[in-house]
Each structure stands twice: as C-alpha cells, then as structure tokens.
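[1] coordinates only, no sequence provided:
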C-alpha cells in the first residue's frame, strides 16, 4: 500500500482500536488528525513503531517525523525523515519546511538539517534544503557555499540551479541569475518555467519589453497554469496595460491562499447590462492592509450602481472602511453573511476597468475620525516646524515566506535615515509599528513616538492628518497617507512592486506622492540624500 506523505488529516477522527484492527492508512489518518489538533504525543503513539509489513508506506514515517519535530526530538526526527525519503525526488524534510514556517520555527530546521546531513553527508538534497532555509533567513553566503558544493557533485541539477538563481536574484546579481535561467531554457526548450522565471526577473528590474516577449513564448506552452498567468499579469500591470493586466490577474484564484468563495458568484465586470440595484455585494479582504486601503477607492462607484456594499475585512481597518462613501455595512470576523455577489478588493479594478471609474474615485477617498484628529491637533499645536512622519520598515510576517523576503528588500534600518536629523526646521514623528519601532533610539535627533497610543489604523490616520508630509518605505502607510490626500515621499527599491509602474517618480494612484527609488540594489544612501533635499525644500516653503 502506498500513501502520499502530505495526505490531509481527517476532519473527524476514526474510532479508537487496537493496532491489529486498524489498517496502516487509517492509523496514518488518525495520527494526522492528532497533529491537526496540536497533540504530537498522541500522534506519535497512534503512529507507533512502524511494523515491517508497512515498509512501502513512507507516510507513516513522515507523520512520526512531524510529531517528533513538534516535540523537538531532532535526532529521532532525522531518523524518521531518512526512512520517509525515497532515493529519488525531494528529501522528506522539504515537506517539513512549510509546517516549520507556519509554526514560526523556521530556524529550528537548521539543527535538524545538521543532524540529517551528519547521517547522510553525500545527500545533496539535504544541502539544497538547508540552502533554502538559509536563503529565507538572509544568510546568503552560507547558502551559496552549500549550493556550489551541491552543484560540484551534481552539476546539472535543475532544482539546485533554480535555487542558485533565486539566491542571485535576492542579492541583486540579476545578470548571473538570468544566465542560469537561460541555460536551463536551452537545455529543455519545452519547459516554460525558466522562461517565466527570466521574465519575472526582467520585469522586476524594469526591462519590460524583454519580459513581455518571453511571456509571449511561455503562455502558449502552458495557457492554463495559474502561476504563469499571474506572473504575466504582474508584468502587464507594471507596464501600464491595466485593463488586460486586471483580467489576467484573476488567474490567481487558481492558487491557494486567495479566496475560498465560489467563483460562480464573483462580481462580473460593471456594464450597462449588469443590474446591481438592491443586490448585496460582499467585498472581502484578500491580501495585505495596503491592498485594501488602495482599492477602497472603488467602493463609492460600486455603491452608485445601486449595490448594497458589505465589507468583510480586518478589525484594524474597520472604522476607516465605515467612513468610505457608499459602505452599507462593515464586518470583521464572524460567519459568511448573505450576499448576491462577492468581490475580493483586488478584483475591484478588474470589475471597473471598462468604465469611467477605472481608477476609482479621486483622493481623498479616506478620512480620519474627527474627534481623534482634533485631539492630535491640540497636542501638536505648539509644533510650528515642518512635521514629518517616518516609516522605515514594513511588517516582516515570518509566517509568509514571500512577504518576508520582500520585506527584507523594501525595509531599512532606522539608522540609515540619520542624515535627516540634520534638517533644521523639521520635526520628526514615528509612524512605525512592530519590532522595527525598537530602533527609535538609533535616530540621532529627536523622533517623537506616539505610536503606542495608536492601536488601529484609524488611530494612525488621525495622527497622520496632523502631519505635513509622510516619508515611508513601500508599506501600508503610503496607501493610508495617499488615500487621505497627504503629501508622501515613498522610498522604493530597485526591483519595485508593479503598482508603482516603471521609470516614474509619480503615480496615478496618489497625485501627491513622489517616488524616490534606489539606483543601486540594496543601497539606500542616495535615496536618503535625495529625500533630505526634498525635505529641505519643503521646510523652506513651509
């Protein structure tokens, strides 16, 4: 009997029975259910010592390994992973990575990998697995050493070459990464993935036409693959091909983590033929807070169609959403309400792409609580300098690997902004939340910090409207400030997000935003100098 290593757990456990009465596959399901219920001891007991007659069922070894990892019994875990791993294909520890990330124990894989590699020193799959973890936590030199060693032993392994290309991209060596991808493309012209990866790299660094040409080759090779089509949409959007890009962006629903709502009730494109009068449209949170703040601009035109707009989002944005024109109801948590159509926030631009409201309503479409804003006005009334709000880091979100790796590039240490402290006539206010706020003592000048009093975005908005200008990296703060109509200077990375287009220092989304972008990968020094000059000009005009 064979079984998948990652077979889903049962929703309801099977009845207890003795080992002689329960088949190995049922024992597997019971053990997985115990793990889902956060009871690794029980899972280990259920899985038991794997009998000799189940040697063809590596999934039982793997579920024992998972339980042992939960219990931090790494030596025993390594032994079970070894038994769960076939001689070809990925090592079983690669399946454990997502679980470790979800448990916020990514770093705990390193001592486990050390044990595994000591047991099997010639297994290059373990080198690749360890390099993957090291890339994710930013230990690039150690990761590259392992990948180079792995390639010495298996020179043409595509998975290892892909990892090396990822590392090179993460460290700004884009031409070297492209060279590897081109080599993979030439050795297997029928494989669309290297072509897509090349296009992603080219798009990220602004070589838009080259990226588009590659997608013209790749899309016919796998026209129904959502990964390829979603990446294609990002290049379209970054190139300013908005209507086509939004339509293509709907391919994301083929990937996990976007929406569990039925697609047959997804809001169609707005047109004269679509009658939404009296229809309840459920607008749902899909990704980060910045996306919600950005796309709230489409709520007023949605309400003008006669739709009853019900927002189902997050608590920190609830009060801000309630004040957007046209909102009938705001909900966070709870059960799915009744609705006629649903629409994730990120699908609203697609719905309006063929209408005069293709960019939503003009700013400001967000507003601050008047009572809270008035309180801050009184507290800041004696500060007659140019009031500058600072945000130097995004939310790391360690449970989301992609977000973690993006945040590493978009964020900076506060000490990098030290030259701003030399500006006379400006006062600085921290708008920073979470762990990066611990860096406030690193700023050489006075950095006023009222953020412990700001518990939601609504509180932050009330403080923000009493500042003169917001200086921020690419995080939700720029969308909040932009939607409020505040002047914004956004400090951006070389390989910027699609929404800021390419080769521009302005944006159609927020007319009062100026983008100051890196000219060298991971080097913020010239960005800070240009921001300093802009702030000095603003002080002079204040």
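    Cool, the structure landed. Every value quoted in this text rests on a predicted model; they were computed, and no experiment measured them. Residues are numbered from 1 along each chain as shown.

[2] helix, strand, or coil at the nearest residue to residue 521 once chain neighbours are set aside?
    Of all residues not flanking residue 521 in the chain, residue 172 sits nearest, at 3.2 Å (C-beta to C-beta, 6 or more residues apart in numbering). Heads up, the C-betas are built off the backbone N, CA and C, glycines and all. The three-state label given to residue 172 by DSSP: H, G, I helix; E, B strand; the rest coil is coil.

[3] now do the phi/psi pair for residue 172.
    Reported as degrees, to the nearest 10, the phi and psi values for residue 172 are phi 80, psi 10.

[4] residue contacts, it?
    Residues near residue 172 by C-beta atoms under 8 Å, 6 or more residues apart in numbering: 494, 521, 522.

[5] kindly report the same for residue 426.
    385, 386, 387, 388, 420, 535, 538, 539.

[6] which stretches of the chain have low pLDDT?
    Within the chain, the segments meeting pLDDT under 70 span 1-22, 49-56.

[7] flag every buried residue along the longest helix along it.
    Longest helix of the chain, by residue count under DSSP state H: helix 525-541. The neighbour-count check on helix 525-541 (16 or more other C-beta atoms under 10 Å) flags 527, 528, 530, 531, 532, 534, 535, 536, 538, 539 as buried.

[8] need the contact list for the fourth one.
    Which is residue 531. Counting by C-beta under 8 Å, 6+ apart, residue 531 touches 420, 471, 489, 491, 516.

[9] from residue 422, how far out is it?
    Distance, residue 531 to residue 422, by C-beta to C-beta, to the nearest Å: 12 Å.

[10] next: the second one.
    Using C-beta to C-beta, residue 528 is found at 11 Å from residue 422.

[11] with the third one instead?
    Using C-beta to C-beta, residue 530 is found at 15 Å from residue 422.

[12] in contact with the closest residue in space to residue 313 that isn't next to it in sequence: list those residues for me.
    Leaving aside its chain neighbours, residue 313 sits nearest to residue 285 (4.2 Å; criterion: C-beta to C-beta, 6+ apart). Residues counted as contacts of residue 285 (C-beta under 8 Å, 6+ apart) are 292, 312, 313, 314, 344, 345.

[13] between these, which has the most around it?
    Using other C-beta atoms under 10 Å as the neighbour test, the contacts of residue 285 are led by residue 292, with 26 neighbours.

[14] let me see the contact set for residue 352.
    269, 270, 298, 301, 302, 358, 360 are the contacts of residue 352 under C-beta under 8 Å, 6+ apart.

[15] wait, residue 267 touches residue 281, no?
    Yes - applying C-beta atoms under 8 Å, one finds residue 267 in contact with residue 281, separated by 6.0 Å.

[16] list the residues that contact both of the two?
    341, 342, 343.

[17] shouldn't the last one be within a helix?
    No - using three-state DSSP, the secondary structure at residue 343 is strand, not a helix.

[18] quick one, strands of the chain?
    Using DSSP state E, the strands assigned to the chain run over residues 280-284, 308-313, 327-332, 341-344, 386-391, 426-430, 447-449, 469-473, 488-492, 513-517.

[19] what's in contact with the first one?
    I take that to be strand 280-284. Under the contact criterion C-beta under 8 Å, 6+ apart, strand 280-284 has outside partners 259, 261, 267, 299, 302, 307-313, 336-345, 348.

[20] now do 6 Å
    Residues outside strand 280-284 that contact it (C-beta atoms under 6 Å, 6 or more residues apart in numbering): 267, 307-312, 339-344.
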